[in-house]
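S.K.: here is my input; please provide its structure:
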Amino acid sequence: MSVSARKTGIIKKRTEAQVNRDEIDTFFPARHFSTPPQDRPRAIVIDIEGAESTNTFSHAGILSILKIMYPGQNISDKVSAIEFENANVIANANNKNERWIIEAKDFISRNKIFNEIEQHFPNRDKTDVRVRMYSAVRDEEYRRFLRFAGMQDKLKDYMLCGRMGHH
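M.R.: Numbers count the residues shown, from 1 in each chain. Model (predicted):
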């Protein structure tokens with residue numbers, strides 16, 4: 001809060017244009033979609049900021065964390081896919097996070113991974129990691145793409161019809 005705002009007790013509310021500029025600065029260029037994204041309800045997304053400084057996040061690193069979470073169990077019974085997504089290449093950008101997608105075999109496994117995987121990351125990486133549901137991430141990215149591309153009609157239709165999988 002600025003000194004003048006503290007003195008007067010008035011806090012200026014950010015305008016919609018300021019909020020839009022901040023979103024563009026943070027998220028532009030956005031991922032492009034030719035169709036609404038497919039729903040993957042058993043998948044989670046792990047976004048890592050500045051991950052180039054560590055090698056924890058590799059297929060082998062993710063797999064070793066999953067093995068710790070499921071000691072003595074066959075990981076292929078719990079997880080159907082571990083995917084790396086190079087968001088910078090996809091969005092033709094250089095400001096995107098590293099992204100890993102873990103697709104679980106069932107909802108119980110998905111929930112366990114979603115709720116517990118972050119606990120197994122090395123301490124130095126925990127502040128730079130966000131674990132979220134795939135469907136929520138793709139829904140947010142698709143809505144942002146429609147907004148940035150000026151497709152307000154499609155955005156309204158998408159939001160009125162419900163989320164992914166209901167088109």
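
S.K.: which parts of this protein are helices?
M.R.: Along the chain, the stretches classed as helices by DSSP state H are 3-8, 16-27, 59-69, 87-91, 107-116, 123-126, 134-148, 152-161.

S.K.: pLDDT at residue 100, what is it?
M.R.: On the pLDDT scale, residue 100 is placed at 92.

S.K.: neighbours of it, just the number please.
M.R.: 22 (other C-beta atoms under 10 Å). Where C-beta positions appear, they are placed from N, C-alpha and C, glycine not excepted.

S.K.: tell me the bridge partners for it.
M.R.: residue 46, residue 84 (DSSP bridges).

S.K.: quick one: residues contacting it.
M.R.: The contact partners of residue 100, taken as C-beta atoms under 8 Å, 6 or more residues apart in numbering, are 45, 46, 48, 57, 62, 82, 83, 84, 85.

S.K.: of those, which count as buried by neighbour count?
M.R.: Among the contacts of residue 100, those classed as buried by 16 or more other C-beta atoms under 10 Å are 45, 46, 48, 57, 62, 82, 85.

S.K.: if I look at the third one, how far off is residue 59?
M.R.: Plainly put, residue 48 is 14 Å away from residue 59 if you go by C-beta to C-beta, to the nearest Å.

S.K.: quick one, phi psi at residue 74?
M.R.: phi -80, psi 120 (degrees, to the nearest 10).

S.K.: relative to residue 33, how far out is it?
M.R.: Distance from residue 74 to residue 33, by C-beta to C-beta: 35 Å.

S.K.: neighbour count winner among those two?
M.R.: Legend: neighbour count by other C-beta under 10 Å for residue 74 and residue 33, higher for residue 33 (13 against 9).

S.K.: among the buried ones among the contacts of residue 100, which two are most distant?
M.R.: 48 and 82 (14.0 Å; C-beta to C-beta).

S.K.: quick one: low-confidence ranges for this protein?
M.R.: 1-32, 50-56, 87-96, 123-127, 148-167 (pLDDT under 70).
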